[in-house]
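J.: Structure of the sequence below:
(2 chains)
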Number of protein chains: 2
Amino acid sequence: SYAAFGIPYFVGDLVPEAADLVARSPEEHRQRGLDVRVGHEVLAIDTERRSLRVRDLAAGSESEESFDQLVLATGATPVRPPIPGIDARGIFGVQTLADGIAVRDAVDRGGARHAVVVGGGYIGLELAEALVLRGLEVALVEGAAQPMSTLDPDMGALIADALRAVGVDLHLDAMVESFEVEDDAVRGVHAGGDLLPADLVVLGLGVRPGSSLAEAAGIDVGSTGGITVDDHQRTSVDGVFAAGDCVETFHRVSRRPVTIALGTHANKQGRVVGLNATGGDASFPGVIGTAISKICKYEVARTGLTEREAAAAGFEAVAATIEGETRAHYYPGATPIRVKIVAERGTGRILGAQIVGEEGAAKRVDVLAAAVWTEMVAEEFASLDLAYAPPFSPVWDPVLIAARKAAEAAR
Amino acid sequence: SYAAFGIPYFVGDLVPEAADLVARSPEEHRQRGLDVRVGHEVLAIDTERRSLRVRDLAAGSESEESFDQLVLATGATPVRPPIPGIDARGIFGVQTLADGIAVRDAVDRGGARHAVVVGGGYIGLELAEALVLRGLEVALVEGAAQPMSTLDPDMGALIADALRAVGVDLHLDAMVESFEVEDDAVRGVHAGGDLLPADLVVLGLGVRPGSSLAEAAGIDVGSTGGITVDDHQRTSVDGVFAAGDCVETFHRVSRRPVTIALGTHANKQGRVVGLNATGGDASFPGVIGTAISKICKYEVARTGLTEREAAAAGFEAVAATIEGETRAHYYPGATPIRVKIVAERGTGRILGAQIVGEEGAAKRVDVLAAAVWTEMVAEEFASLDLAYAPPFSPVWDPVLIAARKAAEAAR
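T.: Next up is the predicted model:
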């Protein structure tokens, strides 16, 4: 059990040892009474006979294991498109701790000068920054017009500026066509018509739910590719539960299933499964798409739906964006913050929010997450009794000002 | 118009100039079309004749001014008990910017070695820290067993530790009996049986609503001493509004009137009055007692009711307190945070919360304020989709863990 989200900080040497990311080793699990079998792959699930076919990878042998209750926690697998040359040495995924160790080893060994990161999502951007910190020349290739396409483009443009400011060479609206390979090792990336030199390539193209084992067993998998579960994390087969990156989850705003690979959801769902599989009655109430990241000088966060997502979900949405400061203007360390609130026209219901700013900016998204969760309208939000003192906020916190503007825009 | 809450930072020289605290000068107001008269005192309001008796303090003359709509924004006056010697030189209040300039001048002049702060509320503690920063020996006298009696004592004890760590000499459970005066200047403070040397005394004993002018005019004043207003900030007299520290405000959790001198409420109420006095229809929905402060190494915040306040308001309350960290444990800069949640027994409704921690801790109170505001139960709060990434939070944010414990305690 380890913190996959910590990998970029390990690569960037903010976290010195891979062991720092390990929450619990197999041995620690065993000490708590779990029969942990690493190096074993479940090849098939027989839901009728309530059994698993298991392969011991080291011994090469197979065995049958029976179960009363089964919990699927098969995670997600990184997207690895069949681009020519993708299996060359020097091209890394960054899904597992082993991936992270491999990338860091490649950097630690020295000799690598040029890195290319493919994909401008959270992990890709965090890794681009980590590689800059380690002294490499870094290019980033992203298919969209702005990095971090989980934000609306106007907010994503700020992230692009911050990346360029630390020297990341951005190739936006660009796809990787092929990898240039010499002696089985990557030497360059063909993308958007350019050839980018590369001793090291990191793939940050997102992940897909690891649902193929479940699907082969006849367990329902949804249109998103994630295992279908109800609010008790029960799959379509009685006594079979699933949790984490392998499932699809109910989005409380769009009312649609989504797959979001995020440790905080996985943890909460795991707890629900643990209770239910042992006779309890717990439920997971869904998600609203909250996310946060630190990218170069910016803290970045979102919750609920973006403008684009709101339109796609059938809402008539308006948006208001304001520029404010994180502290009273006269207090040392006040920095700019941009807050965007997406609201439903007419009702003023807060559908989502995005924040880009410097220190102390982005965790403000949590109070907006509570508002999205409770379907609060922007006008009520603007009246909230939020904490004010000069080291923490102007008299009107930027989120309150944004809500007031959103309420006006929604009228 | 100035930021009274910034005074401690001006005294402590974090803010270099008093002018930095001025939001708008009389001249700037005049440029916006306001007929601003400084140095004028309203002696009486005649609500029948719709007129004011006004004294020009410089000229010594009086005049009559008529009004259609009247807005009372008379603020609050600092508590200044009739302790023997309290009018000596070197004893300062800290309510107005002029007070702040006087304290800072006294420090800047040099010569003062010993300061005594009377009162351990927010302003008193912030000033104690400011005077330590300026190199003075500082003692603090507080009548309660812990400073910051707006927190429960278990949380206040942490603040006491932080003050002692920077050298503040705390005299708790102690009242000032008299001031030692020589040649009209303060030389010491008799408190709790001790004589504390003092060249400089700062009174931080809180404020009372400035409601005497209204009361003399027959406008209703409530049991709290604040002017009574409805949710449109209308007083008991038609066409007379009031806003800010001079009014009493509805507390949404205790359902009782309270007086809370806080710029963020005053600002929101002022906006409501401005709209209503000019034909609009705006309302102020009340407060929940949210407050935040930075005291030495700690950030401190509260919202809703403390355990003690909940009991006084008639709730059967339980509380859960947890220790956590502000960031993922492996991420640089993770620091301890203590979160206390007060919930109603049986329902699990979140009645209040308190946070003490280091950098990044206390603004987390805002999401708890939203929960108190919406009367959310702790179990639902524990499921909220709050922002997680290693630089900002552990996988389970400390506020979520506290809510889970509060839900268990409330069962």
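J.: Spell out which parts of the stretch 301-411 of chain A neighbour chain B.
T.: Residues of the stretch 301-411 of chain A found near chain B (C-beta under 8 Å from any C-beta of the partner chain) are A:301, A:303, A:328, A:330-332, A:360, A:362-367, A:369-371, A:373-374, A:376, A:380, A:383-393, A:395-397, A:399. C-beta coordinates here come from the backbone N, C-alpha and C atoms, glycine included.
J.: buried subset of those?
T.: A:301, A:303, A:328, A:330-331, A:360, A:362-367, A:369-371, A:373-374, A:376, A:380, A:383-393, A:395-397, A:399 (16 or more other C-beta atoms under 10 Å in any protein chain shown).
J.: strand partners of the lowest-mean-pLDDT helix or strand in chain A, parallel vs antiparallel please.
T.: Least confident element among the helices and strands of chain A, by mean pLDDT, DSSP states H and E: strand A:76-78 (a mean of 92). Strand A:76-78 sits in its sheet next to strand A:207-209 (antiparallel), going by DSSP bridges.
J.: what's the strand it pairs with in contact with?
T.: For strand A:207-209, contacts defined as C-beta atoms under 8 Å, 6 or more residues apart in numbering or on different chains pick out A:76-79, A:95, A:224-227, A:245-248, A:259, A:261.
J.: one more time with 6 Å
T.: A:76, A:77, A:78, A:225, A:226, A:246, A:259, A:261 (C-beta atoms under 6 Å, 6 or more residues apart in numbering or on different chains).
J.: and residue A:334, how far is that from chain B?
T.: 11 Å (C-beta to the nearest C-beta, to the nearest Å).
J.: Could you tell me what pLDDT the model assigned to that residue?
T.: As predicted, residue A:334 sits at a pLDDT of 95.
J.: likewise residue A:94?
T.: 88.
J.: In contact with it, which residues?
T.: So residue A:94 contacts A:7, A:123, A:202 (C-beta under 6 Å, 6+ apart).
J.: any idea which of those residues is closest to chain B?
T.: In terms of C-beta to the nearest C-beta, no member of the contacts of residue A:94 lies closer to chain B than residue A:7, at 9.7 Å.
J.: Setting aside sequence neighbours, what's the nearest residue to the closest one?
T.: Leaving aside its sequence neighbours, residue A:7 sits nearest to residue A:100 (C-beta to C-beta, 6 or more residues apart in numbering or on different chains; 3.7 Å).
J.: hang on, that neighbour is in a helix, isn't it?
T.: Yes - assignment of residue A:100 by DSSP: H, G, I helix; E, B strand; the rest coil places it within a helix.
J.: right, and it touches residue A:9 too?
T.: No - between residue A:100 and residue A:9 there is no contact under C-beta atoms under 6 Å: 9.6 Å.
J.: What segments of the stretch 151-300 of chain A are strands?
T.: Using DSSP state E, counting those that start in this stretch, the strands found in the stretch 151-300 of chain A span residues A:169-171, A:176-182, A:185-191, A:194-197, A:200-203, A:207-209, A:240-242, A:249-250, A:257-258, A:291-295, A:298-304.
J.: Packed most tightly, which of the ones you listed would that be?
T.: Sort those by mean neighbour count, taking mean count of other C-beta atoms under 10 Å in any protein chain shown, and strand A:298-304 sits at the top with a mean of 28.
J.: Pull out the buried positions in the next helix or strand after that one.
T.: Remark: after strand A:298-304, the chain's next helix or strand is helix A:307-312, criterion DSSP states H and E. By neighbour count on 16+ other C-beta under 10 Å, the buried set for helix A:307-312 is A:307, A:309, A:310.
J.: Please name every helix or strand in contact with helix A:307-312.
T.: Contacts defined by 3 or more C-beta pairs under 6 Å, 6 or more residues apart in numbering or on different chains; DSSP states H and E place helix A:307-312 against strand A:317-325.
J.: Just give the strands next to the strand it packs on in its sheet, each with its orientation.
T.: Short version: by DSSP bridges, strand A:317-325 pairs with strand A:336-344 (antiparallel).
J.: Now do the partner strand: everything it contacts.
T.: Looking at what lies outside strand A:336-344 - C-beta under 6 Å, 6+ apart - the contacts are A:307, A:310, A:315, A:317-324, A:326, A:350-357, A:361, A:378, A:398-399, A:402-403, A:406, A:410.
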